[in-house]
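Undergrad: Got a sequence here, can you model it:
(chains A and B)
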Amino acid sequence: QKEVEQNSGPLSVPEGAIASLNCTYSDRGSQSFFWYRQYSGKSPELIMSIYSNGDKEDGRFTAQLNKASQYVSLLIRDSQPSDSATYLCAVFLNYGQNFVFGPGTRLSVLP
Amino acid sequence: KAGVTQTPRYLIKTRGQQVTLSCSPISGHRSVSWYQQTPGQGLQFLFEYFSETQRNKGNFPGRFSGRQFSNSRSEMNVSTLELGDSALYLCASSLEGAGNSPLHFGNGTRLTVT
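TA: As a prediction, this is how the structure comes out:
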């Protein structure tokens, strides 16, 4: 089992819809989780971090964490074409004490 | 506040050569991590430096090495380049390199090995 898994996509949603991106991780002791956005040809940029079970909202973005299920998700409300990018889930591994990234989900928002 | 700066942005090298990449972290950040990104493998962790010491290392051959200076700037070296080393090399800094301080990435160095 890979340490961090994501659906590779592409995930296509119409403009204005909610995009839902999912991530699972294997290290039950992990406590810190992050979502990054990476545009084609660019470097990853931090969108959100989440450390506690439940939801965390920031503008159009909501991160959800369920440690019991080892599951993290990112919801993007009112999706815009400018949201089209690859979204990377990152987990700070408790046993390795380093950040591990999932393969990323490519999101395409159709106008 | 200036972001993470990586130089050079692009490099073209020949098989067998060696290369050195440079990274200047965000001011005040003491941890610098290096990642290799390829279309097939995604973001792969190379190593992490904190206070001039390598604190963590990924699963890469010894041809990949790095160091960190007292001002937190870091360099990464790849010796005896292979075609498969062609990738985007990303440097990321964080305050402490712990889980409570996220990574902030530089623009990367795109290395092409011919």
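Undergrad: tell me which element A:M48 is part of?
TA: Using DSSP states H and E, A:M48 sits in strand A:45-50.
Undergrad: If you count neighbours, what's buried in the helix or strand just after that strand?
TA: Next along the chain after strand A:45-50, taking DSSP H and E as the criterion, comes strand A:54-58. Within strand A:54-58, no residue is scored as buried using 16 or more other C-beta atoms under 10 Å in any protein chain shown. Where C-beta positions appear, they are placed from N, C-alpha and C, glycine not excepted.
Undergrad: who touches strand A:54-58?
TA: Here strand A:54-58 makes contact (C-beta atoms under 8 Å, 6 or more residues apart in numbering or on different chains) with A:47-48, A:50, A:62-65.
Undergrad: Return the distance of that strand from the chain's centre.
TA: In terms of C-alpha atoms, centre = their mean, to the nearest Å, the centre of strand A:54-58 is found 13 Å from the chain centre.
Undergrad: for the record, mean pLDDT for it?
TA: Here strand A:54-58 scores 96 as its mean pLDDT.
Undergrad: Partner strands of the strand holding A:M48, with direction?
TA: Taking DSSP bridges as the criterion, strand A:45-50 forms sheet pairs with strand A:32-38 (antiparallel).
Undergrad: Would you tell me what helix or strand the residue nearest to B:I26 when sequence neighbours are not counted is located in?
TA: Nearest residue to B:I26 in three dimensions, chain neighbours excluded: B:S93, at 5.1 Å (C-beta to C-beta, 6 or more residues apart in numbering or on different chains). Per DSSP H and E, B:S93 falls inside strand B:87-94.
Undergrad: so what does that strand touch, helix or strand wise?
TA: strand B:5-7, strand B:19-24, strand B:31-38, strand B:74-78, strand B:104-105, strand B:109-113 (3 or more C-beta pairs under 8 Å, 6 or more residues apart in numbering or on different chains; DSSP states H and E).
Undergrad: which of the contacts of strand A:54-58 tops the neighbour count?
TA: Taking other C-beta atoms under 10 Å in any protein chain shown as the neighbour criterion, A:A63 ranks highest of the contacts of strand A:54-58 with 23 neighbours.
Undergrad: three-state assignment of that one?
TA: Of the three states, A:A63 takes strand under DSSP: H, G, I helix; E, B strand; the rest coil.
Undergrad: Export the helices and strands packed on strand B:87-94 as CSV, with columns for mean pLDDT, mean neighbour count and distance to chain A.
TA: As requested, the helices and strands packed on strand B:87-94 are exported to CSV (pLDDT from 0 to 100; neighbours: other C-beta atoms under 10 Å in any protein chain shown; distance: least, C-beta to the nearest C-beta, whole Å):
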stretch, mean pLDDT, mean neighbour count, distance to chain A
strand B:5-7, 97, 17, 9
strand B:19-24, 98, 19, 12
strand B:31-38, 96, 23, 7
strand B:74-78, 98, 21, 15
strand B:104-105, 96, 21, 4
strand B:109-113, 98, 18, 9
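Undergrad: wait, which of the ones you listed is closest to A:G102?
TA: Of all the helices and strands packed on strand B:87-94, strand B:31-38 sits nearest to A:G102, with 12.7 Å by C-beta to C-beta.
Undergrad: Pairing partners for the residue lying closest to B:L43 once chain neighbours are set aside in the sheet, please.
TA: Distances taken as C-beta to C-beta, 6+ apart place A:F101 nearest to B:L43, at 4.0 Å, with adjacent residues excluded. Beta-bridge partners recorded for A:F101 (DSSP bridges): A:A90.
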